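> Structure here, sequence nowhere to be found:
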């Protein structure tokens, strides 16, 4: 397989996963704002931080009001992580490899693109927002399900899964970092602390699985342990890293990357993450994001940036 094709499959997967993550974040934030009393909610500012766009956002916006933040997150042309831009990028990448991906998958991506583009007003309205976002989330799940069921599980599929897992782990780390950092701890909000941690779990579609695995009420140390250490929840950092390890292992010349992945897994296993307090947790998540970026860079350097005469996988 050409390196160009492997790289394109990798990014199609990342962009689709990114759009689904942002859609879920917006939906859950809507629900959290309805659950918390007026004046207690953190509003929309944390979502801009989660996608890492605060500096870019503030260059063109003076506040984090709902209409401005929502437009930026949903369809912002100047936001490379907006749902619309992520779907546009996924579609453009998929278009260049239509002979590689199943026709049904291309049609699903194309249909999602036109839905997101043609129904922007629904997403921006209070009445239509929930259905609009649920459609995006469902379409993303359908695309990944179709890929799993209809594409050859060869090296191309490996790069699809790698893109998915790295994007997912990165978003999980960002959600845990920002949501725990912006947790409202005032006296007025104290009765609602549990709701805020439940909201964090729901941002990862993790609430029911948390209750099944942990078997306890929702509380800070257990939520952090679950999101970071769970061996069975597919959005936990540990699960994603172990999946990346399993995917990278059979690839050629992967020894050095495997060493980095093994080191990240071993360090994560050894750390008692449940005791991490606010500032220390932020620093810890920064280190995890650096490790994920390093794994991505190693993959890109080894498999995506080879000279033309070596550009095969």
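Happy to help now that I have it. Just so it is clear, the model here is predicted, and its values are computed rather than measured. Residues are numbered from 1 along each chain as shown.

> Could you point out which residue ranges in the chain have low pLDDT?
Residue ranges of the chain with pLDDT under 70: 1, 39-41, 182-192, 278, 305-313.

> Is residue 166 in contact with residue 297, as I believe?
No. With contact defined as C-beta atoms under 8 Å, residue 166 does not reach residue 297; the gap is 10.8 Å. Where you see a C-beta, it was placed from the backbone N, CA and C, and this is true even at glycine.

> So what's the gap between stretch 21-32 and the chain middle?
Mean-position distance between stretch 21-32 and its chain equals 12 Å (C-alpha atoms, centre = their mean, to the nearest Å).

> now do stretch 151-162
That offset, for stretch 151-162, works out to 19 Å (C-alpha atoms, centre = their mean).

> buried sites along it?
By 16 or more other C-beta atoms under 10 Å, the buried positions in stretch 151-162 come out as 151, 155-162.

> cool, stretch 170-182 as well?
Neighbour-count burial for stretch 170-182 [16+ other C-beta under 10 Å]: 170-180.

> Farthest pair within those?
Greatest spacing in the buried residues of stretch 170-182, by C-beta to C-beta: 170 and 180 (16.2 Å).

> quick one: the helices in the stretch 1-150 of the chain?
3-35, 45-50, 54-60, 66-75, 83-95, 103-118, 120-124, 129-150 (DSSP state H, counting those that start in this stretch).

> Dump the ones you listed into JSON lines; add mean neighbour count and distance to residue 196 as well.
Below are those laid out as JSON lines (neighbours: other C-beta atoms under 10 Å; distance: least, C-beta to C-beta, whole Å):
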{"stretch": "helix 3-35", "mean neighbour count": "22", "distance to residue 196": "7"}
{"stretch": "helix 45-50", "mean neighbour count": "21", "distance to residue 196": "11"}
{"stretch": "helix 54-60", "mean neighbour count": "13", "distance to residue 196": "21"}
{"stretch": "helix 66-75", "mean neighbour count": "19", "distance to residue 196": "19"}
{"stretch": "helix 83-95", "mean neighbour count": "21", "distance to residue 196": "24"}
{"stretch": "helix 103-118", "mean neighbour count": "17", "distance to residue 196": "29"}
{"stretch": "helix 120-124", "mean neighbour count": "16", "distance to residue 196": "25"}
{"stretch": "helix 129-150", "mean neighbour count": "17", "distance to residue 196": "20"}
